[in-house]
Every structure is written in structure tokens, then in C-alpha cells.
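Visitor: Sharing a sequence plus its predicted fold:
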Amino acid sequence: MDSEQAMRRIGETLSTKKVLVVLDDVDKKEHIKKLIGGYSLYSGSRIIITTRNKIVLNVKGLKDKILCYEMLKMDDDLALRLFCQHAFGSEFPFDIYRGLSSKIVSIMRGLPLAIEVIGSLLNGKDEAFWKETLVRLREVPEEDIMETLRISYDNLDKYQQQIFLDTACFLFNENKTDAIYMWADCQFYPLRGLKVLIERRFIKILENDKIWMHDQVIDLGRRIVRQESPFNPGRRSRLWIAQEALEIIRTKKIKDEVQALKIFRCDDSIEITNEEFERLQNLRFLELNWGTYAGDFARCNSKLRWFSWHSPRDFRADNMYLDHLVVCKLDTIDFKDDSKVWDLIKRAQNLKVLSITRCSSITTTPNFSKCSSLERLTLADCFSLKRIESFIGDLGSLIELKIEECKGLTNLPEELGALVKLEHFSLSGCRGLRELPSSLGNLTSLRKLDLSGTSIAKPMPFPLSTSDIESKPNKVVQLKVIGIWSGAIEVELDRWTVPMLQEEVARQLNLSPDSINLTFGSNVLKDGDGTAKLSELGVKGNAEILSTRVCVDQGKSLEEEDMANDERSCWLARVKAAATALAKRHAGEGFNVELEAQDGKKVNMGSETDQRAVMMGLMLHSYAKQLIRRQKYEDALEILAMGEKSFSHCNPHFIEMVDNVPILQLDTVWCYLMLRDISSLSVAGIRLQKAREGIECALGKDYSRVRRLQGGLYRPMALHLRLELLEGVVAYYSGHLDKSRKALTSAQEKFLKVHVPDESLSLVTSEGFEERDARRVLRMTNLDVGSAIDFLIEEEDKKVQKHEEDMKQRQEISEQESYGVTPMKKPVDLQRLNELVSTGFEKALAAEALRRNENDTQKALDDLTNPETNAAIQNDIEQRKSVEAAIEQLVSLGFERSSVVQAVSGGRTVEQAMQQLLEQPQGLPNQPENADPATSTPATTSASSINDEDLASTSNIDEVGDTSAHAGMDDGDEEMEKELAIALDQVDAISDDDIVVTEEGKAIEEYLSLLASAGGSSSETQTR
């Protein structure tokens, strides 16, 4: 489900249920607008919004509905007690500091974070330091909390400041132990530094050993870095904005100041070359998401201590040896055993932490035998890993070894027993392991062993208590996953987290875990900080989990999201405008629309409203089908809704003959299924009922009418297969299991019949026919190859004939347009025109006489035979030709056609019209992109300067016919009209049944499986 669907779903919930919603720390009004902007709240509902910026509450349309409450500052007594807790370790100040404490607290304006930070700063300091701090606080602007916090930062030593800035820019939410290794190698004295930062309330260490930092403290750290060089990012010590970092890398200057950079969620075409790397001479931290490295790095004397790479594209670097590397993290990579990427760690003798996760292609451990200082090694979710090499025994400094979720691993080397310093050993999730090497009894330092999720029944005796051995304490259960991937996954509910489940589903689809959403019941499974177990979230064995794909662009800024929404709205508006224009041009101006029935006969429509409605509905439906074939289901739903609305304007009696209407209902529900929109599926029964009734009415029950009209050919069941499948799915979500089972079983029988063997397919395609056409006709003919070929040949002949008829019709329409329209906006009747021409009148003269007289042949004949009116008509024709010639002449000079038409109105000469065009800015001829504004001609009339006479004259020009009436249309509209026309042209008598049925087969199997696991009858109700 994308963000637009989610917002629509939330809006519908808000308008139908009494709710209490809390939006915390909102900083952009778009957040509020998207959530509640288009909906009214259910009676009694309340939404509480907290924000630090009152401007975000000024939402258009909601301004009067939002009641603002200024948060009262913390009570002075409470503020003083909070301050004292951090400054003195008690709720009351020491007598000597009582007066100073009250003054400092009053300056803090009741802000808890500032009170905690400043109180922690003053803890244990003498009176002189307190007075100096009070002076500095009084100098800070009243509303600038950053400068207040800055006072505490300034009192850190230079090493603590480095740790603080690293954390604020990159390492918040990172593992504390990993960060300590890097800081220690940089001689920042991290144990002391972290202790001080914790005491100052700048950071906290969470239970999972992650570093936590308040968002305002993060803002402080990044503000300090920006102030290092406000206007030149290349002179800053840290870069964390991807585009900014890339621009700095690309410049050819040496960047001595840059110590750390992070390029996150940027284009995967990023390439960091050896020359760019050499210019970052003091870089010690580098994190790259996607992208690659390229070139010969032999001359790079890297000082890099931390290297992190997520989802790399490839690796084209030579001799990239990171000799000073301390922490190396490679995640979601697809490099094989012989990849050059492993050169990164080949000579890293100083490496302390190595993490290789989600590397799906390695079958054995990379050669890290030279990493003699390695203390922490993680190999996780490497599903193809089958062997741990014996050189792992050479890692004598190893303290922690995690080999987790490596399901292909079946044995371990005896050399593991040489890891005498090993304290923590995890084999969690390695289901292929059945026993441990006997040498593990030598691990005298081992304190914790995790064997959960393995097949090891009896662990060897270890020098640790059984309470420290986690040997399968969790029961393995199955979860049934449906949606974009269907299958069963074995999990341990007490150990697996949402991210782990996302990663498993993503691995099956070869997608990023970030692109997967999981729904249990009616709730999206939230990963929070990633530590909550599935059992804690209420997931139980055999539970059904819905997997959907989210937009990979969720990480984009709100501005980018708004841009995407604007582009989508613009696209939809273009589709609607193009369909309206085509329908009006080909149906609404007297050009009779002809539809072809299933027997090939023409069905004429009389009402202009019906013509426009049906023409527009057909175009939109045809275009939606193209989108469905391209798997753009959300876009298709928008277009289908437009088409449905267009058909609704048509005469109900006539619309019964149009089979597109019921098939549109079917296509709509199919999109629901492909999007896994369960809420829409559960109420789609009415749509399917309309679809079945309409299809049977238009095509006959079981296609009997079609079979009769198609010369006895058996109509295939692909369309009916999809209908029964969807009826089964909707019944399943409505709780009618017996009905669901019956429909799905029938659909399965049809699926077996519509399958086309490759042998038959190749026989037909060898005759030069497209595979798509061959497949659908083979279904029609019950796999009779001869009949299929005959039908296709006949169909080709019909297409040629239809093409000739269409060309003739287009020529007639073009001819009609050249004559203009009557005063009642009707085109000239060509049949009556030809009758007049056959009597000897000139065609242009006769057409103008019919146009003036609303296609009344007798009146036109009277005018033509009257010498005075005949002369007047000829004079008007000559004037019109002169006007058209003048228009084309001026347009050829670069003026806008609409401005030219206005300028020549009223009988102006070319010279007069040009003079008017040159006097108004809108008439400025189109200039080349590099034209000099100083030499460009100033220009033409604005719309506001046109008088009534001009408008009347212009109307007359349109009436007699501007032969280029549509030439002023922008290219985008022409392109969209062409797309719609092509889509409509591809529709024929059997296109609706042109379904490959691959997805149908998968869905049938999936839901029959769900029914088998659910058991029971229609009296049961599915709980979702």
C-alpha cells in the first residue's frame, strides 16, 4: 500500500469512527493536511497535535477547526526540583547555591531538556564556575535553546566534543561497542568521553547497547558542524547530506578538513573513484548506501577506521587495501567467494569488528585469516553459506562470534576450539546444524552459547552453567505469508523480530527489506527499535501475514513526495482532458460513433450524451487495461474510476449492450487483489455481481451467444476463470468459506483447461503470428491448431479492412473540420455535400452554403442559385483563405497561434496584426534558448486588451474553420491523446479474454491452501 492509499484509508477511518489520535512533534503542515485535510472527523473524535512551530497549524481549510493551546512552561517549583536532581543528586539545592539555582532555573524558561543538560554540567563544579555559567546563560537569546545547550558542549574537552559530533551526525542508534573501537583507535578516550556525555544528559545507552540522542541535541551537533564553515561544506569536518557530500567529493581540491561522510539513499549510479578517495586524506568514517568504488587504489594511503557499505551495485576497485580499518560492515551484498571486495579486509590487521550480513552468494567464509586483531565477527543471513574455513581458528583475539540464520550450514570446523578468548558464541537460526565439534569443550572463556533455532539436541559439555546455554528454548512454528510473496516461513516467535521477518520475505523476492510491509490482522507490524519479538506483538503459530510492497521512495523528503503527488495529479488531469477532447472531437460534434457488436455488426448511437460518455468510457477502460498489463494497478484504479463515471452518464438501456461496463467492474476487483487491498476486496461482492450479470447479458451465459456468433468456435474461459477466482477470494474475506471453496475449485478446473501447451503455441507462432494472439485463439478453438490459424488469417484481413475504413473516416473528419461548424456547432454533413457537388457546384462553395444553413439542403441550394448570395459566399471564402494565409504567415514567424488569431480578427491586414503582436509581451516570438534578451523583440496583445468586437470576430474565424484548430495543443496533450487512441485501437472482439492466467493460477493455489488450513464451513467468519 503506497502513502496515498494509506492516507485515504486513514481518512475513511477518521470519518467513520470515533477516535483519539496523537501527532507528536509535527514540524510540517503537510503532515496534518495529508492526514485530515480532505475528511471530516466523526462526531466526538479528537486529534492532539504537539509542535514546536505554530505555523504548521495554519492548514488551509482547517485553520478555524484547530484550537491552539500554548503548553505551559514547567512550574518553577518542579523546574527547580528537576534541576537539583541533576545538579546535586537531590530535590533541593545546597544552601550556598540556592540563589544561583533559582536564577539559572528562571533563565531556562521551564524547558526540561535545557534544565537537565545545564544541571548536569554544573554538577560538582565550584561557585565560580556556576557564576560564569549564569553570565553566559544571560547572554543567550531568550528563545535560542541551541545556544543554551551549546554552553554545556563548550565545556567538553576536545576528545569528548569529537565523540559528541560523531554521534550527532552519524552514530546515534549505532552499537556503542562498535563505536568505541573506532574512537579508541583515534585516541579519543571513549570510555571517559561516553561517561561524561551520559552524565551531561547528551546521550543515553539503551538496553540493546545502542546510543540514543535527543533530536534537539542532534540538531545542536549538526549546527555546530555547519558553523565550522557556513558557506563552504568542503571545509566542514562531517558531511551527512548525500547531495552535499557528493558535490564535495567531485571537486578536485584536497579536503583535509573532512573526517567523516555518509551518502545515504542516493542514486545507485554513484561511483567513488580512486582519485576522489585520495583527495579525502583525513577521512576516518565512510558510510555508503548503494553505489560502487572504481579505479586503482594502490596509491591511496587511507586513514579510514570505519567502513560501512549497504546494498552495493558492484565493485570495480583494484588494490583497495584499508590497512587502518577498525570497523567494517557489509550489508545486503551479492558478491561471490572470488570477488575483489574481500581485498578490503585482506590486510586489515587492525580490524576489530567485521559484520557481513545478508550476503546471499558466498558459500564459504572470506579469507580474514590476516585479521589477527579481530574481536567481533558476525556472519548473518548468508543463506548460501555452507562452510566455515579452518583458518577461523587463527583468530585468537575473537571475543564474540555470531553465525546466525545461515540455514545452509551443516557442520563446523574443529579449529573453533582454538578460540580460547571467545566469550559469546551464537549459532541462532542455523537449522542445518545437528552437532557441535568436540573441540568446543576447550573454550574456557565462553560465558554464553546460543543454540536456538538449530537442530542440536545435546550440546557438548561446556565450562559454563546450563542457564547460559540457549539450546532451542523457543518453539519453531510456521507463519503463512500471502501477498506479493506466498509461502510458509518457519520462525521462533520468542526470538524473531519484524525486521527479521521482513528480511526473509524480501530475500524470497530479491528486494530490499525497506520495501516490504507486513500486516497481521488489521494492523501493520511495526518494528519500533527492531527488538520486539513477534510473540510480543501477538503473532501466533499458523498466523496469516499479508506482505505488501511499499514505495522505495518512502525515504524521500516531503518536498519530493509532494512533487510526486503533484506529478500524479497532473498526469490524471492530462488523461481526463485528453479523453474528453477525443470524445468531444469524435462524438460530440456530430460525428456519429459506431460500435461493433460481438457479431461484427455496427451499433449506431443517437444521443450526443451517450456518444461522448461511451467514447470516453471506452478510451479510459482500454487505457486502464494497458496499465494493468504493465502491473501499474494503483494508476489503473484511478483510470477505471474515471471510466466508470463516464459510463454512468450513458442511457442505462443502451449501456447494457456494452460489455466493457461489467468487465470494468471485474478489472477493478482484480486490481484490489493485486494490491492486496483486503478492505476493498471484502466489500467487492456487488461489483462482481454486476460483472457476472453484465457479462452474461452481453456475451450469453457461459459465452453461448459468443460461441454462436463466432461460427461455433468455443469461447475460452480465461475471463470467466478470473471472475470465479475473484468471487472465491471475496467470499473468503466475507467469511463464506463453502462458497469460496466452490468458486475456487471451479476456477481451478477452468485454469487447467485454458493452459496452452508450448508445442501448440510454437506451431501457430511459426506461421508468423504473435505469441499473444496465438495463445488466445488456441484457447478459443480448444487447441485446434488449424482452426486457430484460419481464424487469425481471417482476423488479419478484418484488421486491414478496418484500417482502411478508419483512414477513410479520419479523412472525412479532417475534411469536415476544414469546413468549420455551423452556427449550432454542428459539422457539415458530407452526404448532403456530395449530393450538392454531384449537381455541379464547387465543393468549397457548397460546403459553405450548407454550413451557413445548418445543413439544410434546400436553403443551401437556394443560396447557391441566387447570384447575390452566391457571390457573397465566394467573397467570404476568399476572405477566409486570406485570414488563414495571414495566420500561417505570422505563426511561421514564431508568434503563438492563439495570439495571432486574435490579432488578425476584425479584418486587420498582416502588417496591422504584426504591429499589434509586437506591442504586447505575450506575442513575443519564440526565442532560442540562448537568445539575447536585449535584442529580442518586445511583443503582442494580452487577453485583457481584447474588446467585444475582437471577440466576435474571433468567434467568426473559429466558426468558418481554422484548419489548424488543434495545432495549438501542447505536445503533452497530443502525446496523451495518442496513448489513448492506441489503447482503444488494440481492443477487439477477443481482447478481454487475452489473459495469460499465470497470476490467476498462483492466487487459486494460495487461497485454496488458506481454505485448507482454515477448515470449517461458511458459518465461520474470517477474523482479520
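Guide: Structure's in. What do you need? Residues are numbered from 1 along each chain as shown.
Visitor: shaky segments in the stretch 651-800 of the chain?
Guide: 653-659, 698-717, 758 (pLDDT under 70).
Visitor: same check, this time on the stretch 101-250 of the chain
Guide: In the stretch 101-250 of the chain (pLDDT under 70), the answer is 142-143.
Visitor: Please enumerate the helices of it.
Guide: Listed in chain order, the helices of the stretch 101-250 of the chain (DSSP state H, counting those that start in this stretch) span residues 112-122, 127-139, 145-154, 158-166, 176-185, 190-199, 215-228, 242-250.
Visitor: Nearest to Leu436, out of those?
Guide: Across the helices of the stretch 101-250 of the chain, the minimum distance to Leu436, taken as CB to CB, is reached by helix 176-185, at 26.1 Å. Every C-beta, even on glycine, is put in place using the N, C-alpha and C of the backbone.
Visitor: Where does Leu261 sit, in terms of helix or strand?
Guide: Leu261 belongs to strand 260-263 when assigned by DSSP states H and E.
Visitor: Sheet-wise, list the partners of that strand with their directions.
Guide: strand 238-239 (parallel), strand 285-289 (parallel) (DSSP bridges).
Visitor: how close does Leu191 get to Glu805?
Guide: The gap separating Leu191 from Glu805 is 86 Å, by CB to CB, to the nearest Å.
Visitor: now Asn155
Guide: Remark: distance between Asn155 and Glu805 (CB to CB) = 88 Å.
Visitor: With Gly221 instead?
Guide: Going from Gly221 to Glu805 by CB to CB gives 73 Å.
Visitor: and those two? which has more neighbours close in?
Guide: Ranked by neighbour count (other CB atoms under 10 Å), Gly221 and Glu805 place Gly221 first, with 23 against 11.
Visitor: closest to Val105 out of the helices of the stretch 101-250 of the chain?
Guide: Taking CB to CB, helix 112-122 is the member of those nearest to Val105, at 6.8 Å.
Visitor: what's that closest one packed up against?
Guide: Helix 112-122 makes packing contacts with helix 76-87, helix 98-107, helix 127-139, helix 145-154, helix 215-228 when contacts are defined by 3 or more CB pairs under 8 Å, 6 or more residues apart in numbering; DSSP states H and E.
Visitor: Go again with 7 Å.
Guide: helix 76-87, helix 127-139, helix 145-154 (3 or more CB pairs under 7 Å, 6 or more residues apart in numbering; DSSP states H and E).
Visitor: out of these, nearest to Gly291?
Guide: helix 145-154 (33.1 Å).
Visitor: quick one: buried residues of that closest one?
Guide: 145-146, 148-153 (16 or more other CB atoms under 10 Å).
Visitor: Stretch 119-129 now?
Guide: Here stretch 119-129 shows 119-122 as buried, counting by 16+ other CB under 10 Å.
Visitor: Now do the residue located most distally from the centre of the chain, the pLDDT please.
Guide: Most distant residue from the mean C-alpha position of the chain: Pro867, 70.2 Å away (CA atoms, centre = their mean). Note on Pro867: pLDDT of 86.
Visitor: how much space between it and Gln874?
Guide: From Pro867 to Gln874 the distance is 11 Å (CB to CB).
Visitor: Now do the contacts for Val997.
Guide: Neighbour list for Val997: 718, 721, 751, 754 [criterion: CB atoms under 7 Å, 6 or more residues apart in numbering].
Visitor: same thing with Ile489?
Guide: Neighbour list for Ile489: 478-479, 481, 504 [criterion: CB under 7 Å, 6+ apart].
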